[in-house]
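Participant: need a structure here:
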Amino acid sequence: MLIEIKNLIKNYAIGENEIPALQDINLQIAKNEYVAIMGPSGSGKSTLMNILGCLDTPSEGHYYFNQVDVSTLDDDALSAMRNREIGFIFQNFNLLPRLNAFQNVELPLIYAAIPTHERKERALHALRRVGLENRMEHKPGELSGGQRQRVAIARALVTNPGILLADEPTGALDSKTGDDIMALFHELHREGNTIILITHEQSIADYAARNILIKDGRIHSDHPNVNRTIIN
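Facilitator: This next block holds a predicted model:
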């Protein structure tokens, strides 16, 4: 099992009070699954995303990634896990405006101290996978919203992560461009990538093979998506 969460609780301290964000979460995600985690604002889905992405740790319980108990890792080990195993894709792209597309994609490999020649090859390959090798010298301000998100996806892919964790990946895009990005996710999943979408939109969740609904910090439902949007 790629991801296993057992009896997870997350509380936040506000003054002298503890506010529960997640309560008794039990969850398994296998390699090459395509999962959407849904929930309204304040439901706990963002907290769960942060824990899955090794940006936060549980108050109680355990999170296993590839059988490693992430709950026990210190900050340096968490950072290494993030850089090695998780490809993040954000609603607002999070690209550096002064760098061109190629340089933005290459950046995680620089942080990982990958040799220059290998870095160049992997960045180019990632841009080819998202169909943007002909725009790699353009800066984010010279690209459309859909192209910027494709650069962000290439940056997430370049480290060959265990999972792609996408937070509202179409939230800043028009509907047609959003459909194009979801078609790209479908293709990446067919190539063997494990994808976890965080969304509040049912239309986006419908692209995933499995839907998990979070309400009031608990898993309210977890089931295969019988109404899945089919992409040929």
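Participant: how many neighbours does the nearest residue in space to D216 that is not next to it in sequence have?
Facilitator: Once flanking residues are discounted, D216 sits nearest to S43: 6.8 Å by CB to CB, 6 or more residues apart in numbering. All C-beta spots, glycine's among them, are computed from the backbone N, C-alpha and C. Neighbours of S43 under the rule other CB atoms under 10 Å: 21.
Participant: next one: A77
Facilitator: Applying other CB under 10 Å, I find that A77 has 13 neighbouring residues.
Participant: With I230 instead?
Facilitator: 7.
Participant: Taking the centroid of the chain, which residue is nearest it?
Facilitator: Residue closest to the mean C-alpha point of the chain, counted by CA atoms, centre = their mean, is L165 at 1.0 Å.
Participant: quick one: the helix or strand bottoming out on mean pLDDT in the chain to chain centroid distance?
Facilitator: One helix or strand of the chain scores below all others by mean pLDDT, DSSP states H and E: helix 75-85, with a mean of 89. With CA atoms, centre = their mean, to the nearest Å as the basis, helix 75-85 stands 15 Å off its chain's centre.
Participant: With stretch 72-92 instead?
Facilitator: Going by CA atoms, centre = their mean, the spacing between the C-alpha centre of stretch 72-92 and its chain's C-alpha centre is 10 Å.
Participant: ok, now stretch 220-232?
Facilitator: Worked out by CA atoms, centre = their mean, stretch 220-232 lies 18 Å from the chain centre.
Participant: do the same with stretch 129-145
Facilitator: The chain centroid and the centroid of stretch 129-145 are separated by 21 Å under CA atoms, centre = their mean.
Participant: swap in stretch 3-20?
Facilitator: Distance of stretch 3-20 from the chain centroid (CA atoms, centre = their mean) equals 21 Å.
Participant: picking that back up, for the residue nearest to D216, which three-state class applies?
Facilitator: Using DSSP: H, G, I helix; E, B strand; the rest coil, the structure places S43 in coil.
Participant: List the buried residues of the longest helix along the chain.
Facilitator: What stands out as the longest helix in the chain, according to DSSP state H, is helix 175-190. Neighbour-count burial for helix 175-190, counted by 16 or more other CB atoms under 10 Å, picks out 177-182, 184-186, 188-189.
Participant: Same check on stretch 54-71?
Facilitator: Buried residues in stretch 54-71, counting neighbours by 16+ other CB under 10 Å, are found at 54, 56-59, 61, 63-65, 70-71.
Participant: before we move on, the earlier item: could you export the longest helix of the chain as PDB, CA atoms only?
Facilitator: In PDB, the C-alpha atoms belonging to helix 175-190 read as follows (Å, rounded to 0.1, in the frame of the first residue of the first chain):
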ATOM      1  CA  SER A 175     -13.800  25.800 -18.000                       C
ATOM      2  CA  LYS A 176     -12.300  24.800 -21.400                       C
ATOM      3  CA  THR A 177      -8.700  25.200 -20.200                       C
ATOM      4  CA  GLY A 178      -9.700  23.300 -17.000                       C
ATOM      5  CA  ASP A 179     -11.000  20.400 -19.100                       C
ATOM      6  CA  ASP A 180      -7.700  20.300 -21.000                       C
ATOM      7  CA  ILE A 181      -5.800  20.100 -17.700                       C
ATOM      8  CA  MET A 182      -8.000  17.300 -16.500                       C
ATOM      9  CA  ALA A 183      -7.500  15.400 -19.700                       C
ATOM     10  CA  LEU A 184      -3.700  15.800 -19.100                       C
ATOM     11  CA  PHE A 185      -4.200  14.300 -15.600                       C
ATOM     12  CA  HIS A 186      -6.100  11.400 -17.100                       C
ATOM     13  CA  GLU A 187      -3.200  10.700 -19.500                       C
ATOM     14  CA  LEU A 188      -0.700  10.900 -16.600                       C
ATOM     15  CA  HIS A 189      -2.700   8.500 -14.600                       C
ATOM     16  CA  ARG A 190      -2.800   6.100 -17.600                       C
END
